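Peer 1: here are the coordinates; sequence isn't available:
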């Protein structure tokens with residue numbers, strides 16, 4: 001089967017499955033989010049998909065085919081444990097790179113682990129690396145054979161690729177819309193020289209809308225319902241943003257030298 005079609009299938013399947021995993025994880029298992037007891041879209045996009053899981057499934061699929069002959073012949077269990085570690089390390093690295101790209105280039109922190117022990121810049125932490133390890137083990141032992149079977153089935157039923165194309169049509173429209181939203185948030189972040197914690201910002205917007213609905217039961221209208229996302233940012237930005245370094249020390253020194261000259 002065409003390698004591009006394999007990648008497209010893995011990315012779409014992983015993105016949707018990852019969204020479902022995050023939805024239930026945040027609702028019931030996340031040490032912070034589960035306390036709110038609310039169903040919240042875990043992604044930045046409108047639709048039910050998380051691209052980082054799509055990329056992650058591609059990584060896990062590739063690593064699922066590796067073997068360590070020098071270890072596996074005599075210690076097959078140890079070989080699997082090492083493979084799980086490699087998978088978890090790659091997923092953590094993918095998470096770190098993705099998170100830092102959004103922070104450094106879009107000034108947007110899509111997830112925040114700053115309240116967890118051992119976190120690095122709030123983007124990765126030991127607890128979630130452990131979750132990646134468990135997920136990698138589950139994938140290797142349970143899902144990998146099923147993914148191979150699904151790809152074999154797809155190679156014999158290429159008409160199903162129509163649905164993959166349908167997914168990417170919707171996904172592309174969602175990307176365009178979400179990028180426009182990202183640009184607006186980045187504009188606000190640049191204005192105040194901050195990094196915006198997206199989930200906290202989104203939760204604040206939801207909180208204000210819900211409060212406006214509750215007040216509407218007692219009053220004909222509520223001032224809260226007319227607050228724009230910009231006003232929310234102006235009023236409550238301390239709750240969902242952190243100051244960022246505008247210039248590195250080297251750049252500052254260079255600027256001082258230029259002014260002196």
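Peer 2: Yep, it's here. Quick caveat: nothing in here was measured; it's all calculated off a predicted structure. Numbering: from 1, shown residues only.

Peer 1: from residue 108, how far out is residue 197?
Peer 2: For residue 197, the distance to residue 108 equals 8 Å [C-beta to C-beta, to the nearest Å]. For glycine as for every other residue, the C-beta is placed from the backbone atoms N, C-alpha and C.

Peer 1: residues near residue 137, how many?
Peer 2: Other residues lying near residue 137 total 17 when counted by other C-beta atoms under 10 Å.

Peer 1: I'd guessed it sits against residue 82; true?
Peer 2: No - Residue 137 is beyond contact range of residue 82, at 11.7 Å (criterion: C-beta atoms under 8 Å).

Peer 1: now do the contacts for residue 199.
Peer 2: Residues in contact with residue 199 (C-beta atoms under 8 Å, 6 or more residues apart in numbering) are 110, 111, 112.

Peer 1: could you export these as JSON lines, including distance to residue 132?
Peer 2: Shown next, in JSON lines, are the contacts of residue 199 (distance: C-beta to C-beta, whole Å):
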{"residue": "110", "distance to residue 132": "16"}
{"residue": "111", "distance to residue 132": "13"}
{"residue": "112", "distance to residue 132": "17"}
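
Peer 1: list the buried residues in the lengthiest helix in the chain.
Peer 2: Secondary structure of the chain per DSSP state H: the longest helix is helix 161-192. For helix 161-192, a neighbour-count test (16 or more other C-beta atoms under 10 Å) marks 164, 167, 171, 174, 182, 185, 186, 188, 189 as buried.

Peer 1: where's the second one relative to residue 155, distance?
Peer 2: In this case it means residue 167. Taking C-beta to C-beta as the measure, residue 167 falls 18 Å from residue 155.

Peer 1: ok, the residue sitting nearest the centre point of the chain - contacts?
Peer 2: Against the mean C-alpha coordinate of the chain, by C-alpha atoms, centre = their mean, the closest residue is residue 52 at 5.6 Å. Residue 52 is in contact with 18, 94, 95, 98, counting by C-beta under 8 Å, 6+ apart.

Peer 1: tally of neighbours for residue 17?
Peer 2: 18.

Peer 1: name the element it belongs to?
Peer 2: Element membership of residue 17, judged by DSSP states H and E, is helix 3-24.

Peer 1: give me the angle between that helix and helix 161-192.
Peer 2: Interaxial angle, helix 3-24 versus helix 161-192 (axes from the mean of the first three to the mean of the last three C-alpha atoms, to 10 degrees): 60 degrees.
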